[in-house]
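Chemist: Got a sequence here, can you build the structure:
(chains A and B)
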Amino acid sequence: MKIMVGQGSCGIAAGASKVMTVLQNNLSDKGFDISITGCIGMCWLEPIVDVTEDNGKLHRFVKVGENEAKCIADAVISGNFESTLSLEITDEDNSFLTQQTRIALRNCGIINPESIDEYISCGGYSALKKVIFSMSQDDVIEEVKVSGLAGRGGAGFPTWFKWNAAKQSQGDEKYLICNADEGDPGAFMDRAVIESDPHSLIEGMLIGAYTIGAKEAVVYVRAEYPLAIVRLKKAIEQAKALGFVGKNIMGSTFSCDFRIKAGAGAFVCGEETALIESLEGSRGMPRLKPPFPAQEGYWHKPSNINNVETFANVAWIIENGGKAFSAMGTEDSKGTKVFALTGKVKRGGLVEIPMGKTLREVIFDIGGGIKNDKQFKAVQMGGPSGGCIPAELLDTVIDYKKLSATGAIMGSGGMVVMDESTCMVGMAKFFLDFTAKESCGKCVHCRIGTKRMQEILTRIVEGNGRSGDIELLEELCGAIKDGALCGLGQTAPNPVLTTIKYFRNEYEAHINDKKCPAKECTSLLTYEIDSSKCVGCTLCAKKCPVSAISGTLKSPHVIDADKCIKCGQCMSICKTKAISKN
Amino acid sequence: MEQIKITINGKECICNKDEYILKVAKDNGIDIPNLCDHESVAAFGACGLCAVEIIDDGNGRKLPKLMRACATKAQYGYVVSIDSERVMRSRKVALELLMSDHEGDCLGPCKLNCPAGTDVQKYLKQISQGDYHGATQTIKNVIPIPASIGRICPHPCESNCRRRFVDQPLSIAFLKSYAADKDLEKDTFVPVCKPDSGKKVAIVGGGPAGLTSAYFLRRHGHSVTVFDSMKKMGGMLRYGIPAYRLPKSVLDREIDEIRSIGVELKNGVSLGKDFTLQQLKDEYDAVILAVGAWKSMQMRVAGEDLQGVVGGIDFLRYISSQESEIPDLNGKKVAVCGGGNTAMDACRTAVRCGADEVYVIYRRTRSEMPAEDIEISEAMEEGVTFMFLTNPAEIIGKDGNVSQINLQVMELGEPDASGRRSPVPVEGKFEYIDVDMVIMAIGQTLNNTGLDGIELTRKGTISADSATFRTSDQNIFAVGDATNRGAGIAIEAIGEARKCADVVDSYLNGSIKPYNAPFVSKRNDEDIDFTKHEKKQRIEMPARPAEERRRDFDEVNLGFDDEEKVKSEAKRCLECGCHDYDDCKLIKYANYVNLKDIRFVGKKNISPVERKLVTIERNPNKCILCGLCVRVCDEVAHKGILGFVGRGFGTVIKPEFSAPDVIADCKNCNKCFNACPTGALKLIEY
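Modeler: Alright, predicted model coming up:
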């Protein structure tokens, strides 16, 4: 019997370590082996415990607490899983996984990420072996070209092209760099891969290094991912010990060292030239392009940079052939893409699907629709660089070009679902707060322009918007897109542009009527007690933190609008639903 | 190196392949705006001003993105636009954004508030160094008669001097006349006039406006003739302002200077009598009307036609026209109606003519009086009686002569459009005073003799365009008291006249260039900390005692006698204006895109001015983060002392880690200072 506890950061945060302890305390001395696995991607069900019977039957227990863990231990000991049936995942929840096609995430939540043996037993490092011993550099480039693999970090640039450019650049000293500086709010695809299947990244990178002729590979990973760093370090050590990393890999003439560089948390360092600056120990500020990194990158040597997910696909492509990869997807976009589905969706987590599915399929079929059966309003794709897509475009196909046509982008895979209670102006402001803070300060348009946009959005949500503000925003958006040097600045206006495009009426309501249609902007809200419904229970008056509610027992209460801080606690506590916000 | 041909704004340029477009443009005399580029360091691409549009990439395609000229290499067949609509929009927004985060004064409030735009800060500096000749030269770039103006100007410069928030404003006007007097004493400044253009300009009126236009048009190389109906030049300065404020000898001396550069001055000839506008138009290439406002306004009260009722201007002109004998008002009682400077000149002149009693009738109170405060107090010292809150209701005569004036008593009501509380009659309350003479100094307007065919405003002044100074006749220009809003102060007329001279010069050269007020960065007084300045009293102008001065028309002020005190007064200047204004690329380009106001106003990134480097003061509030100082220090000086700190809008440039040992590494090469495109870096004077 095999027992595994999901121990990604998400699982641990949900209490997986305590569950592990309970299982160990009850089972270890009875000869059961309990190991860890990474993240399966079902955030809403954590902690998750998988028990595989010797006959191969899998029991997946979800939302496991310490008590449930004890029951599971008992079932394991008895070998009778009937009593724990209610703890197992439902078919409906399981459909979250069954509807997916997993390539980059193929081993996530299945193998022990800290065991190279498990990786190897799943076919790990055989692609590397194949490459080193039976493929030329051009063969690899050709295979990747056939696969149609494009950069999964957001830009969607053909991977083979970058590899080829770096390969053709003159010089003995070349570098292969992995961008694991996953900075979009709400994105956690790369973290999951590194925490759950670090060897797939290492193997993909080794193949890349072989192809471009790099002798050193560097993973630039954000310091906010400590567990990922620990597991990656461990994985590199293991790979080194088995001769997959270092000098004369698998006895060949190919040598490649690995290094991890922890980034200090600047969003702009996800931009490849800023990342290189940071790697060199300088301030993370984008460089002018050209020269592109393939010509002059790290230490001004030819370098190739890809995202974690891109590399995680590589070994699979080599093993299964580029054609198998390109068989999935659309005319323009091949293979699969991983999304971090979050927000007001019932089932949030990691979703890997072939390109070509619609947003509706992801959000409603896989994600189960909107929480509390509210109305779907929009989905923000691509984080702060992306845009929102409204309900009327839910049938948009997931494909680089089709998504760009909406004003949003594929991005790295952040997919934040919003319902009717989300204010779209507030949402745009949230992302502008982020980009304005994260601008590196180099370009005038980005440094000051995003700040001015943020100020205008702030005054709009606070009810101080002026007529002409929408046009000012639009002008700033256009100028920043034209004037910024790097992707951060060029895409920063997207959340504002798309919300204006699809939800202009919400902007106008804030500015002209001083109303927030989603009833989210507190400055524009008033709370009122309906005297016909109020029974005078005094609960609200007792709960109010600023004593804004007055009234005597058994008679209707009144809210003093001048004192009210619009925290909404009265509304939540009212038993007769007498309190409304407008 | 392979030579290729590219086109920049229609100009074919041969250049090396892979040369940056910005460099190619520069080599071909085309200025692409940029703030962060410098020949000594690698391209950086921060400011975004050099963005250009590649209309054709040599293959008939337009590049979708704007390209930074500093970092885009010339390729065969490129067709580049440096000022397409899209480029200009992007550039303008960049400059607007930069200015919205720029906390600094391009110019001091003194210069900004001087109607003539005198570079006060500069000439005060020159005076503080004892360079009176240089100071006069500075002033004469805008005012041809500084010794005269310094004596009589109501000095908006001083009223707006920021030193008033520390102690008192500088004595700017008197420092000006001090320097100009010194300059007139010996080695008088003589401007260099451009070579003769062969163009002729006629100017009607030899007052401050006419003389100023004449002076500057002459400096532009044109041949200028000034026609004036009076016996001598100077206009109101001679015939309106009494000699005790502006001695005629000073005025004569400065007019001589104007004559000496070749301006022809013709006196005693009147428009409409001795010559006509048509004659001038036929004979000259341009005509400027600077005829002033010589007609006293009527009060519209009964008895105005009585013997002994005179206009203020008429009275002053009459007195000042007397060569030798001053009229004797001994035994007479004189009432002067009005509260402006002309009323003060009239009442103090009446005192000097020996009048027994001189009254000033003014319908509001002292604090609302438009006259200079010093004029009021000096008049009081000289014995003038002020009848505040009274208004003439009727002038009563006896045998056709003035004998009494009936005054309506007033009180102050609500503030009017000018912000002053408006006078309201107290019903039924009157006062009578016995007088022999009533001087109406309530305003003056244009005498339109000879101006047939020139369109007038509703106020009866000449209608002239505020940017081109053109009248309804396109070949005739007009400035000064005669135009638009009517009579003002001399320095306003001078300011207009100089601008008009520049416009007329452009007109004579073939294409008229209207005056366009430059955009400048300004600070709010409230945002400035004045507590750091040590208090130092303002220099006082010594004056003759009232008892002595009220008997004659000699100058009231005695002039400064201690040169050291004068220099130290000039040193009180806070130097509000930016040292780099003339060379600042930021303001140059802000004006290049014709920035008028900033639409994206918001929070500014403010941090203290610091002097951590030995020779350089760093003002982060004027810094545009072009990074030139950082890069020059690193790439040229090989020191790397400066670096960017922080992120987003709060990013600043600082000595790296602010570490003392890093700063100690600075070898004071000042390369950063030389590279800085704005006034953010300043050499410290020791």
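
Chemist: So which residues on chain A come close to chain B?
Modeler: Applying Cβ under 8 Å from any Cβ of the partner chain, we find that chain A lies next to chain B at A:266, A:283, A:285, A:288, A:290, A:436-445, A:447-452, A:455, A:472, A:475-476, A:478-479, A:482-485. Glycine gets a C-beta too; all of them are placed from N, C-alpha and C.

Chemist: Can you list the residue ranges for helices in the stretch 551-686 of chain B?
Modeler: Secondary structure of the stretch 551-686 of chain B by DSSP state H, counting those that start in this stretch: the helices cover B:563-570, B:585-592, B:628-631, B:660-664, B:671-675.

Chemist: now for the shortest one, which elements pack on it?
Modeler: Contacting helix B:628-631 under the criterion 3 or more Cβ pairs under 8 Å, 6 or more residues apart in numbering or on different chains; DSSP states H and E are the following elements: strand B:642-645, helix B:671-675.

Chemist: Relative to chain A, which of those is closest?
Modeler: Chain A lies closest, by Cβ to the nearest Cβ, to one member of those: strand B:642-645, at 5.5 Å.

Chemist: The closest one packs against which elements?
Modeler: Using 3+ Cβ pairs under 8 Å, 6+ apart: strand B:642-645 touches helix B:628-631, strand B:652-655.

Chemist: one step back: how about the helices of the stretch 551-686 of chain B in TSV, adding mean pLDDT and mean neighbour count?
Modeler: Below are those laid out as TSV (pLDDT from 0 to 100; neighbours: other Cβ atoms under 10 Å in any protein chain shown):
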stretch	mean pLDDT	mean neighbour count
helix B:563-570	96	17
helix B:585-592	96	21
helix B:628-631	96	24
helix B:660-664	77	12
helix B:671-675	96	21
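
Chemist: What residues of stretch B:64-71 count as buried?
Modeler: By 16 or more other Cβ atoms under 10 Å in any protein chain shown, the buried positions in stretch B:64-71 come out as B:66, B:67, B:68, B:69, B:70, B:71.

Chemist: Residues contacting it, please?
Modeler: Applying Cβ atoms under 8 Å, 6 or more residues apart in numbering or on different chains, the external contacts of stretch B:64-71 come out as A:288, A:482-483, A:485, B:20-22, B:25, B:32, B:34, B:36-37, B:43-45, B:48, B:50-54, B:80, B:82, B:86-87, B:90.

Chemist: then it to PDB, C-alphas only?
Modeler: C-alpha atoms of stretch B:64-71 as PDB (Å, rounded to 0.1, in the frame of the first residue of the first chain):
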ATOM      1  CA  PRO B  64       4.300  48.900 -35.800                       C
ATOM      2  CA  LYS B  65       6.100  50.300 -32.700                       C
ATOM      3  CA  LEU B  66       7.600  53.700 -32.100                       C
ATOM      4  CA  MET B  67      11.400  53.300 -32.100                       C
ATOM      5  CA  ARG B  68      13.900  55.000 -29.800                       C
ATOM      6  CA  ALA B  69      16.200  56.900 -32.200                       C
ATOM      7  CA  CYS B  70      19.000  56.600 -29.600                       C
ATOM      8  CA  ALA B  71      19.000  52.800 -29.900                       C
END
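
Chemist: what about whatever residue of the stretch 401-550 of chain B ends up closest to chain A, neighbour count?
Modeler: Going by Cβ to the nearest Cβ, chain A is nearest to residue B:521 of the stretch 401-550 of chain B, at 14.5 Å. Neighbour count of residue B:521, defined by other Cβ atoms under 10 Å in any protein chain shown: 22.

Chemist: Show the contacting residues for it.
Modeler: B:99, B:102, B:104, B:105, B:106, B:578, B:587.

Chemist: Phi, psi for it please.
Modeler: Dihedral pair for residue B:521: phi -90, psi 140, per degrees, to the nearest 10.

Chemist: Can you give me the distance of it to residue B:99?
Modeler: 6 Å (Cβ to Cβ, to the nearest Å).

Chemist: do the same with residue B:276
Modeler: Taking Cβ to Cβ as the measure, residue B:276 falls 50 Å from residue B:99.

Chemist: So what's the residue count around residue 512?
Modeler: In the absence of a named chain, chain A is used. Applying other Cβ under 10 Å, we find 10 residues neighbouring residue A:512.

Chemist: not what I meant, chain B
Modeler: Residue B:512 has 16 neighbours, counted by other Cβ under 10 Å.

Chemist: Equivalent analysis for residue B:262, please.
Modeler: Neighbour count of residue B:262, defined by other Cβ under 10 Å: 15.

Chemist: Might one say that it is in contact with residue B:219?
Modeler: No. In this structure, residue B:262 is not within contact of residue B:219 by Cβ atoms under 8 Å, at 9.8 Å.

Chemist: what's the overlap in contacts for these two?
Modeler: Shared contacts of residue B:262 and residue B:219, defined by Cβ under 8 Å, 6+ apart, are found at residue B:193.

Chemist: Quick check: which element contains residue B:424?
Modeler: For residue B:424, the host element (DSSP states H and E) is strand B:421-434.

Chemist: Show me how far the next helix or strand after that strand is from its chain's centre.
Modeler: Downstream of strand B:421-434, the first helix or strand assigned by DSSP H and E is strand B:437-440. Distance, stretch centre to chain centre, for strand B:437-440: 34 Å (Cα atoms, centre = their mean, to the nearest Å).
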